[in-house]
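A.B. asks: this one's sequence-less:
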């Protein structure tokens, strides 16, 4: 069974998205055929307009309306002495959800991963160096993933920033809040026990 | 953390797709920001062009290039004496994957489902009646879902077609090919045992 050409193209595009396989892409494309004409045209133009409407904040690398600073960088109530380094917007959004951190961010735009051909040259490292060297910054929190590549990137950045008069930290490893000990993996339990605190 | 407006719109559109929740939609939208400009514009125009490029086959209701017959209806080698009724394109594609059925199709475009406000008036029932009454048709296979609504729709259609000189059948219920008995649900096992065949 062959689909009309545009439908096939649509399926191919959907397959490029994270977490979407052949079946999911087909299901999504077929569902869209039930949509009315207006909604399809609007959806299409939102996507076509992305390059003109969405860009990166020149201050921190976060996603922002094209040519503008992001919401966080333009917020004067944020604490300029804390700089949190994250890999991407998803991590930034996660930190914001914690509702605890009120400092500034730097979005690296990835991590160093030699196997994927990412040697760091496309990351926002020069911007990080500039921001971390600003006189008001007192602490840089490296909130990268705690997998191998995230840790390697954090180690690289820590070395890069070591001569600056800033404290370099990372978020604590431990048990997730509200979690049952019996579901935690060994590495998490080890980290939680080695970092145990008085009650 | 607020995203730029177009990004929010994009996320809202993705959330309308089957199987996509808030998190998945966000992940997909953020991933698309890594795409180059050309790919985004092409993706957008494929979607905008859907209403002009994809339509329904006037012969069977299947998806087809706008204003054209579908591939199956225009295939002269298909068996005109067999008519298989399916709910939608996904089911049609599944039957085709079986590589066994070589007859014609009729795509209902849904099923009767009073709870969802579908009383059958938007389904391709008139087209089914016309096609089933054609002199060359000898058997109508009602290949609808075997859940409550699918069975109710099949029962309704069987009654509707009962005065025509055609045999009305449905695919066999039973164990999936290659499946382990221990994973089958009770209803399937009951169907498989009641329909048991000699070896």
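C.D. replies: Received the coordinates, thanks. All values reported here derive from a predicted model rather than from experimental measurement.
A.B. asks: tell me the strands beside the host helix or strand of residue A:64, with direction?
C.D. replies: According to DSSP states H and E, residue A:64 maps onto strand A:63-65. Paired strands of strand A:63-65, with direction, are strand A:54-56 (antiparallel) (DSSP bridges).
A.B. asks: need the contact partners of the partner strand.
C.D. replies: If you take Cβ atoms under 8 Å, 6 or more residues apart in numbering or on different chains as the criterion, strand A:54-56 is touched by A:62-68, A:107, B:4, B:6-7, B:33. To be clear about C-beta, it is placed using only N, CA and C from the backbone, and glycine gets the same treatment.
A.B. asks: got it, and stretch A:102-111?
C.D. replies: Taking Cβ under 8 Å, 6+ apart as the rule, stretch A:102-111 contacts A:56-57, A:60-62, A:72-73, A:77-89, A:92, A:95, A:118, A:122-125, A:127-128, A:131, A:141, A:144-145, A:149-150, A:152-153.
A.B. asks: helix or strand right after the longest strand along chain A?
C.D. replies: Using DSSP state E, we find that the single longest strand of chain A is strand A:79-86. Next along the chain after strand A:79-86, taking DSSP H and E as the criterion, comes helix A:89-98.
A.B. asks: buried residues in the helix or strand of chain A with the lowest mean pLDDT, which are they?
C.D. replies: Here the helix or strand of chain A ranked lowest by mean pLDDT, DSSP states H and E is helix A:186-194, holding a mean of 84. Across helix A:186-194, burial judged by 16 or more other Cβ atoms under 10 Å in any protein chain shown covers A:188, A:191-192.
A.B. asks: got the end-to-end distance for stretch A:51-70?
C.D. replies: This stretch, stretch A:51-70, spans 16 Å end to end (Cα to Cα, to the nearest Å).
A.B. asks: and if you look at stretch A:127-137?
C.D. replies: Calculated as Cα to Cα, the first-to-last residue distance of stretch A:127-137 is 14 Å.
A.B. asks: distance between it and the chain's centre?
C.D. replies: Chain-centre distance of stretch A:127-137: 20 Å, with Cα atoms, centre = their mean, to the nearest Å.
A.B. asks: stretch A:146-162 now?
C.D. replies: Centre-to-centre, stretch A:146-162 and its host chain are 16 Å apart (Cα atoms, centre = their mean).
A.B. asks: what residues sit buried inside it?
C.D. replies: A:149-150, A:153-154, A:157, A:161.
A.B. asks: can you give me the pLDDT of the residue positioned nearest the centre of chain A?
C.D. replies: Centroid check for chain A by Cα atoms, centre = their mean gives residue A:88 as the closest residue, at 1.9 Å. Residue A:88 carries a pLDDT value of 90.
A.B. asks: also residue A:92?
C.D. replies: On the pLDDT scale, residue A:92 is placed at 90.
A.B. asks: tell me where chain A has strands.
C.D. replies: Using DSSP E, the strands found in chain A span residues A:54-56, A:63-65, A:79-86, A:103-107, A:139-142, A:167-169.
A.B. asks: quick check: phi and psi on the residue lying closest to residue A:151 once chain neighbours are set aside?
C.D. replies: Excluding its sequence neighbours, the residue lying closest to residue A:151 (Cβ to Cβ, 6 or more residues apart in numbering or on different chains) is residue A:144, at 7.4 Å. Backbone geometry at residue A:144, expressed as degrees, to the nearest 10, gives phi -90, psi 170.
A.B. asks: so residue A:144 sits against residue A:150, correct?
C.D. replies: Yes - counting by Cβ atoms under 8 Å, residue A:150 is a contact partner of residue A:144 at 4.0 Å.
A.B. asks: find the residues that touch each one of those two.
C.D. replies: The contact sets of residue A:144 and residue A:150 overlap at A:87, A:111 (Cβ under 8 Å, 6+ apart).
A.B. asks: so where's chain A shaky on pLDDT?
C.D. replies: A:1 (pLDDT under 70).
A.B. asks: re earlier: centre of the chain versus the longest strand of chain A, how much separation?
C.D. replies: Offset of strand A:79-86 from its chain centre (Cα atoms, centre = their mean): 15 Å.
A.B. asks: direction included, what does it pair against?
C.D. replies: Strand pairing for strand A:79-86, determined by DSSP bridges: strand A:103-107 (parallel), strand A:139-142 (parallel).
A.B. asks: just name the most buried of the ones you listed.
C.D. replies: Among the strands paired with strand A:79-86, strand A:103-107 has the highest mean neighbour count (mean count of other Cβ atoms under 10 Å in any protein chain shown), at a mean of 24.
A.B. asks: contacts only, for the residue nearest to residue A:25 when sequence neighbours are not counted.
C.D. replies: Spatial nearest neighbour of residue A:25, chain neighbours left out: residue A:14 (3.6 Å); criterion: Cβ to Cβ, 6+ apart. For residue A:14, the contacting residues are A:20, A:24-25, A:28-29, by Cβ under 8 Å, 6+ apart.
A.B. asks: who touches the residue nearest to the centre of chain A in this structure?
C.D. replies: Neighbour list for residue A:88: A:107-110, B:30 [criterion: Cβ under 8 Å, 6+ apart].
A.B. asks: and for residue A:4?
C.D. replies: Going by Cβ under 8 Å, 6+ apart, residue A:4 touches B:53-54, B:63-66.
A.B. asks: I am finished for the moment; much appreciated.
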